[in-house]
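K.L.:
with the sequence up front, the predicted model follows.
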Amino acid sequence: MKKSVPYFLHALVILLFVLHTVSNLRAVSSHYQQPLLNSLLDSIFVNGSILGLIYFSYWLFIPQYIVKKEYIKFILGILIIVLGFSLYINLAAYFLSNILKLKTHVFDNGWMFGLAAGIAFFFGILGTFLRLFIKWFIDYRDKIELEKQNLKSELSMLKNQLNPHFLFNSLNNIDYLINENSPNASLALNKLSEIMRYMVYDSEKEFVPLLDEISYIQNYIALQKLRIPNENIISLSINGDPANKLIAPMLFIPFVENIFKHSTLKNKPDNKIEIKFEIQDNGLSFYCSNTIAEINKDYTSGIGLENVRKRLEMIYKGDYNLTIENQAKCFSVNLDIKL
């Protein structure tokens, strides 16, 4: 639809002139006591000339002078259009009236440079602004499209960055379970398969079921627990019903990955990782926190977290609130989204 907006505006302008041409034919014909065909030719001449003036200003150099801030050339161009159109319309009206004996209801009293100049100025400016508006719209549309493509590229980069590191750790852990002849090896392999399937296929969509996104987080956490001496330091709670809700994919994983990356994960009483989903009818709240050994000023940086900020601003602008706190030995994230 957005790509057709300029064509729609052009069609609307032309349609308005066509409607104006045919709407008062009988009244003009009766007033000037001339055949309906003559009145039609008269209206086509007047409205066609004005329409041509609009697109003469639209297509030629006038709007470009404004873009380039060459205002003197723009003013001179408008003056040339005004004088040129005034001369043209009066000569054409004289030709129609005196040679073809066709009444021109706008210029039937002789040469009227003042009226023609006013018409030329108004519709010349109108053509200029039409061109500038369409240019602004196309530039804005292209900018939004470029930002979307950049975000898709960054999301792909994020997935590529996440996959090798996480994959190697998970495979090493699964290899250990296999060597230990643990029944959890098959379960871990299935969870890894589900994670990779989601990342490769499902996350390519613009929106995914919230249930799938949470399941992805659950599988990720389950695999991370394989390398933690005491998995009880990890707390995951989901309150509310995630069914029948959609969310942009992979919004939460950069935060979850971040807390595992920077947490000590040692079996100490004060060490913990906490992840919460609070789901309401019209939105959700996501919270995660972890204890850290020391404050890291670059803790909140990185392509993953920056990507999430950009995606939130584009997809949920005005409908989200993100708070990241980096305090003494504790890092936390609060994300509220209206769905």
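P.N.:
Looks like it came in fine. Numbers count the residues shown, from 1 in each chain.
K.L.:
just the helices in the stretch 1-150 of the chain please.
P.N.:
For the stretch 1-150 of the chain, the helices defined by DSSP state H, counting those that start in this stretch cover 5-23, 25-32, 36-59, 62-67, 71-94, 113-179.
K.L.:
using TSV, lay out those together with distance to V200 and mean neighbour count.
P.N.:
C-beta here means a position set from N, CA and C on the backbone, and glycine is covered the same way. Below are those laid out as TSV (distance: least, C-beta to C-beta, whole Å; neighbours: other C-beta atoms under 10 Å):
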stretch	distance to V200	mean neighbour count
helix 5-23	35	13
helix 25-32	65	14
helix 36-59	48	18
helix 62-67	44	18
helix 71-94	54	17
helix 113-179	8	15
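K.L.:
can you add mean pLDDT and give those helices back as a markdown table?
P.N.:
Below are the helices of the stretch 1-150 of the chain laid out as a markdown table (pLDDT from 0 to 100):
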| stretch | mean pLDDT |
| --- | --- |
| helix 5-23 | 75 |
| helix 25-32 | 66 |
| helix 36-59 | 75 |
| helix 62-67 | 68 |
| helix 71-94 | 77 |
| helix 113-179 | 72 |
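K.L.:
between the ones you listed, which gets nearest to N334?
P.N.:
Proximity to N334 (C-beta to C-beta) singles out helix 113-179 among those, at 21.1 Å.
K.L.:
what is the orientation angle of the closest one with helix 5-23?
P.N.:
If you take axes from the mean of the first three to the mean of the last three C-alpha atoms, to 10 degrees, helix 113-179 sits at 150 degrees to helix 5-23.
K.L.:
before we move on, back to that, of all the helices of the stretch 1-150 of the chain, which one is nearest F277?
P.N.:
Closest approach to F277 among the helices of the stretch 1-150 of the chain (C-beta to C-beta): helix 113-179, 20.3 Å.
K.L.:
the closest one - contacts with which helices or strands?
P.N.:
helix 5-23, helix 36-59, helix 62-67, helix 71-94, helix 184-200, helix 210-224, helix 253-262, helix 303-315 (3 or more C-beta pairs under 8 Å, 6 or more residues apart in numbering; DSSP states H and E).
K.L.:
doesn't M250 fall inside a strand?
P.N.:
No. Assessed with DSSP: H, G, I helix; E, B strand; the rest coil, M250 is coil; it does not lie in a strand.
K.L.:
surely it meets S203?
P.N.:
Yes. The pair M250 / S203 is scored as a contact, 5.2 Å apart, by C-beta atoms under 8 Å.
K.L.:
of these two, which one has the most company?
P.N.:
Each of M250 and S203 had its neighbours counted (other C-beta atoms under 10 Å), and the higher figure belongs to M250 (23 against 20).
K.L.:
so who does I275 touch?
P.N.:
Neighbouring residues of I275 by C-beta atoms under 8 Å, 6 or more residues apart in numbering: I217, I221, I234, S235, L236, S237, V256, I259, Y287, C288.
K.L.:
and those residues as JSON lines, adding distance to P6 and pLDDT?
P.N.:
Converted to JSON lines, those look like this (distance: C-beta to C-beta, whole Å; pLDDT from 0 to 100):
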{"residue": "I217", "distance to P6": "43", "pLDDT": "92"}
{"residue": "I221", "distance to P6": "49", "pLDDT": "88"}
{"residue": "I234", "distance to P6": "54", "pLDDT": "87"}
{"residue": "S235", "distance to P6": "54", "pLDDT": "89"}
{"residue": "L236", "distance to P6": "50", "pLDDT": "93"}
{"residue": "S237", "distance to P6": "51", "pLDDT": "94"}
{"residue": "V256", "distance to P6": "44", "pLDDT": "88"}
{"residue": "I259", "distance to P6": "48", "pLDDT": "82"}
{"residue": "Y287", "distance to P6": "45", "pLDDT": "95"}
{"residue": "C288", "distance to P6": "45", "pLDDT": "93"}
